[in-house]
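Peer 1: Here's a sequence, model it:
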Amino acid sequence: MKLSAHNPHPARSRRRVAGMMAGVLTASLALAACGGGSGGGGDDNTLTLWHNATTGPGSQYWETIAADFEASHEGVTVEVQAIQNEDLDGKLQTAQNAGEGPDVFLARGGGKLRDMVEAGLVLDISDMIDKSVAAEVPESAFSAYTVDDGVYAMPTSLQPGGIYYSQDLFDAAGITATPTTMEELSDAVAKLKDSGTSPIALGAKDAWPAAHWYYFFALRECSQETLERSLSELKFSDQCWVDAGQDLADFAGTGPFNSGFLTTSAQQGAGSSAGMVANHQAAMELMGTWNVGVIASLTPDEQPLPDLRWFPFPAVDGGKGDPTAIMGGVDGYACSSTAPAELCAEFLNFFMSEANQEAYADAFETIPVNEKAQDQVTSEALLPQVKANNDAAYSQVWLDTSLGQNIGNALNVAVVDMLAGKGDAQGIVDAMSAAAAKE
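Peer 2: The predicted structure follows:
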């Protein structure tokens, strides 16, 4: 499996990554002297960390990592702040523009990361990655955060997207096999409706969950070559982009989504789309790997949903995309260019140890990038994702991430507008093209 070339610049080779320095980091004094700016903790012994796990084991994971790092680094303080996922990008951009961004932060990759790199806001950690970490993390994970041959974030987890579903609700509806084509998915939707169950939960209030459907239709309609060229050149003239929107419009016309999906949030509370799956109020949701942990936090006992399962997005009849291709991404954390460089990079390496990656996998119910820690994955919802990720013809990063903040937001909003009856498939393409023209 290889990562899609959403970034037109070559990724750093595994050989070079494997040759990165080991042990305690010895970043140059010139880099270290850049640390401790107003954007971070204010001195070379303090790190500020922003993450998006506001509740549950994920939030506790970062508190524990911070405490453990402090315990092993006398005089060092790690200040942890959890920010709601949907608010993180906006708050980060505002803070960075004001010169007050955190030292360590969740990095999305793609065009969003490139924009920050070009603005000089992110530290190049290429020569600060421990040899042991580089040896245990696949090149594709590092390439997700590679810009102009530099690595700008430490990957933490693999996030192949697909459809999560309740096995109990499928059984009750008489669905005996997971859908592999859109025709079969539509048939499953009809059976779920007949059984009295809302087929698919959709948190369109947050825009990006609705846009996920468009992303996946584009992945199935467009060839890999077309997809990569379009994302590189920011030109969307191929018919497959319009076809993807029409596929979504046609599917939405059959009424597969929950009532009130336009005002439903994605992850906030029992009434969110994830909450509907967690409480068996809906049978399916299209989402990324993080959804396993989010759903677990929203069940009545705040434990993993026992019957939660997963299948890849179905094939589209006549589509030119490889049906095994995966849409998803890699979660990771970056250091601000104003952070104490040596200390910040050492913190990134610290949470990438096998033991800490195993703890990460447990806390977030996800697939760690450290290959030695992947044996920790036992969830029946995650195991098929590991195989699908490994068997994929290629993996394409989420389209809004690849396209960057401005074009990505325009895309997401246009998809919601179409679902709300305020636009059409061509309107989605027009919105992307208009935003691209301003880049």
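
Peer 1: Low-confidence regions, the protein specifically.
Peer 2: Residue ranges of the chain with pLDDT under 70: 1-43.

Peer 1: And the residue nearest the centre of it?
Peer 2: The residue lying closest to the centre of the chain (Cα atoms, centre = their mean) is residue 329, at 4.7 Å.

Peer 1: Name all residues that make contact with it.
Peer 2: When the contact criterion is Cβ atoms under 8 Å, 6 or more residues apart in numbering, the partners of residue 329 are 108-110, 144, 159, 288, 397-398, 401. Just so you know, the C-beta spots here come from the backbone N, C-alpha and C atoms, and that holds for glycine as well.

Peer 1: Identify each buried residue in the longest helix along the chain, please.
Peer 2: Criterion DSSP state H: the longest helix present in the chain is helix 56-72. Buried residues in helix 56-72, counted by 16 or more other Cβ atoms under 10 Å: 56-59, 61-62, 64-66, 69.

Peer 1: Can you name the next helix or strand after it?
Peer 2: Toward the C-terminus, helix 56-72 is succeeded by strand 77-82 as the next helix or strand (DSSP states H and E).

Peer 1: contacts for that next one?
Peer 2: With contacts defined as Cβ under 8 Å, 6+ apart, strand 77-82 is touched by 41, 45-54, 59, 62-63, 65-67, 69-70, 102, 347.

Peer 1: so what secondary structure elements neighbour the next helix or strand after that strand?
Peer 2: Following strand 77-82 in sequence order, the next helix or strand is helix 85-97 (DSSP H and E). Under the contact criterion of 3 or more Cβ pairs under 8 Å, 6 or more residues apart in numbering; DSSP states H and E, helix 85-97 touches strand 46-51.

Peer 1: Please work out which residues outside the strand it packs on touch it.
Peer 2: Against strand 46-51 from outside (Cβ under 8 Å, 6+ apart): 36, 40-41, 58, 62, 66, 76-83, 88, 91-92, 102-106, 333, 339-340, 343-344, 347.

Peer 1: quick check: angle from the longest helix of the chain to strand 77-82?
Peer 2: For helix 56-72 against strand 77-82, the angle by axes from the mean of the first three to the mean of the last three Cα atoms, to 10 degrees is 170 degrees.

Peer 1: Mind giving me the packing neighbours of helix 56-72?
Peer 2: Checked by 3+ Cβ pairs under 8 Å, 6+ apart, helix 56-72 has strand 46-51, strand 77-82, helix 291-298, helix 341-350, helix 354-364 packed alongside it.

Peer 1: Compare those and give me the one nearest residue 239.
Peer 2: Of all the helices and strands packed on helix 56-72, helix 291-298 sits nearest to residue 239, with 31.7 Å by Cβ to Cβ.

Peer 1: Contacts for the closest one, please.
Peer 2: So helix 291-298 is in contact with 55-58, 164, 267, 269-270, 272, 274-275, 277-279, 285, 302-305, 308, 363-366, 379, 381-382, going by Cβ under 8 Å, 6+ apart.

Peer 1: just checking, which of those belong to helices?
Peer 2: Mapping these onto helices (DSSP H) picks out 56-58, 274-275, 277-278, 363-364.

Peer 1: Contacts only, for residue 89.
Peer 2: 108, 112, 405.

Peer 1: what about the strands in this protein?
Peer 2: Residue ranges of the strands in the chain, as given by DSSP state E, are 46-51, 77-82, 104-107, 146-147, 150-151, 154-158, 162-166, 198-200, 282-287, 308-311, 326-328, 330-335, 367-368, 395-397.

Peer 1: Relative to the whole chain's centre, how far out is stretch 89-97?
Peer 2: Here stretch 89-97 shows a centroid-to-chain-centroid distance of 18 Å under the convention Cα atoms, centre = their mean, to the nearest Å.

Peer 1: Also stretch 156-176?
Peer 2: Worked out by Cα atoms, centre = their mean, stretch 156-176 lies 18 Å from the chain centre.

Peer 1: and the end-to-end length of that stretch?
Peer 2: End-to-end distance for stretch 156-176, by Cα to Cα, to the nearest Å: 35 Å.

Peer 1: That one: which residues count as buried?
Peer 2: For stretch 156-176, a neighbour-count test (16+ other Cβ under 10 Å) marks 156-167, 169-170, 172-173, 175 as buried.
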